[in-house]
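Curious how this folds, go ahead:
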Amino acid sequence: MSAQAPQGSELAKLRADAQADARALKADVSELDDAAIGLILSRARSHYAWQDKPVSEEQIQRLYDIVKMGSTSMNGCPGRFVFVRSQEGKERIAKSLKPANVPKVMGAPLTVIIAYDTEFWTELPKLFPHEDRRHLFEGKPEYTLDTAYRNSTLQGGYMMIAARAMGLDIGAMSGFSNKIVDEEFFTGTTLKSNFLLNIGYADESALFQRLPRFEFNDVCEVI
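Model prediction:
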């Protein structure tokens, strides 16, 4: 059922409340300090080995509740997430992995299949109720797939940062067969896998030195 878009005074109040909340947020926290930025990006590392310490259902729920607030095109929210903790689920994922990646997944307390729904646009009346934009996607599979893939990748990035912000460690992975994952988990659905994300508490003894990065002038231009 389509959501009823607010109108008139109700819409005006909702907009005023949203604007006030945005101003209040900036008044409370104008920017993150270097320690917080270090935790989520500048000093954070991708991990390959894990402590035997579980990620709880409460943490998983909180993680999603953070991720769902991240921006996507037209609020389409094409990302779909399969949180795999069981041995049976991990073994199904393992069928898709390059050999070197099997212990990384099997040792992680949680592996998330970051996926996307190719029919995400059918939910736009609920998620974008003030204007019907389904016509932009209906009968246009190439544009639909591009939008779903790009925005689910963005949502996966939100999950990586959100997990780190919650004190968890992560290791994203693309060394697997999307075809096998899709056959194992999404047969008969409109979902397709994007990438895998291991989440847990890292065993830092597996880390090596940080790899090089480009400097600003190597890859950036201001015009």
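
Residue 147 versus the closest residue to residue 176 other than its chain neighbours, what's the distance?
Spatial nearest neighbour of residue 176, excluding adjacent residues (C-beta to C-beta, 6 or more residues apart in numbering): residue 96 at 4.3 Å. (C-beta placed from N, C-alpha, C; glycine too.) Relative to residue 147, residue 96 is positioned 25 Å away (C-beta to C-beta, to the nearest Å).

cool, residue 191 as well?
Residue 191 is 15 Å from residue 147, by C-beta to C-beta.

so what's the most centrally placed residue in the chain closest to, chain neighbours aside?
In the chain, the residue lying closest to the centroid (C-alpha atoms, centre = their mean) is residue 156, at 2.1 Å. Distances taken as C-beta to C-beta, 6+ apart place residue 114 nearest to residue 156, at 4.0 Å, with adjacent residues excluded.

mind checking the SS state of the one you found?
Look at residue 114: counting by DSSP: H, G, I helix; E, B strand; the rest coil, its state is strand.

Measure how buried it is and give me the count.
Residues lying near residue 114 (other C-beta atoms under 10 Å) number 22.

mind listing what it touches?
Shown in contact with residue 114 (C-beta atoms under 8 Å, 6 or more residues apart in numbering): 79, 81, 152, 153, 155, 156, 159, 193, 194, 195, 196, 197.

Closest one to residue 126 out of these, please.
Sorting those by how near they are to residue 126, with C-beta to C-beta, puts residue 79 at the top with 15.4 Å.

Only the buried residues of the longest helix anywhere in the chain, if you could.
Counting by DSSP state H, the longest helix found in the chain is helix 141-165. Buried residues in helix 141-165, defined by neighbour count with 16 or more other C-beta atoms under 10 Å: 144, 147-148, 151-156, 158-164.

Looks like the residue nearest to the centre of the chain contacts residue 199 (just checking).
No - at 11.6 Å, residue 156 does not count as touching residue 199 under the criterion of C-beta atoms under 8 Å.

before we move on, back to that, if I pick the residue nearest to the centre of the chain, what's in contact with it?
Contacts of residue 156 (C-beta under 8 Å, 6+ apart): 79, 114, 172, 194, 195, 197.

how about the residues you listed in CSV, adding distance to residue 22, secondary structure and pLDDT?
Formatted as CSV, the contacts of residue 156 follow (distance: C-beta to C-beta, whole Å; DSSP: H, G, I helix; E, B strand; the rest coil; pLDDT from 0 to 100):
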residue, distance to residue 22, secondary structure, pLDDT
79, 24, strand, 98
114, 28, strand, 98
172, 30, strand, 97
194, 30, strand, 98
195, 31, strand, 98
197, 29, strand, 98
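
where does the chain dip in pLDDT?
1-3 (pLDDT under 70).

Which parts of it are strands?
In the chain, the strands defined using DSSP state E lie at 79-84, 110-117, 169-173, 191-200.

of the ones you listed, which approaches residue 45 most closely?
Comparing the strands of the chain by C-beta to C-beta, strand 169-173 comes nearest, at 7.9 Å.
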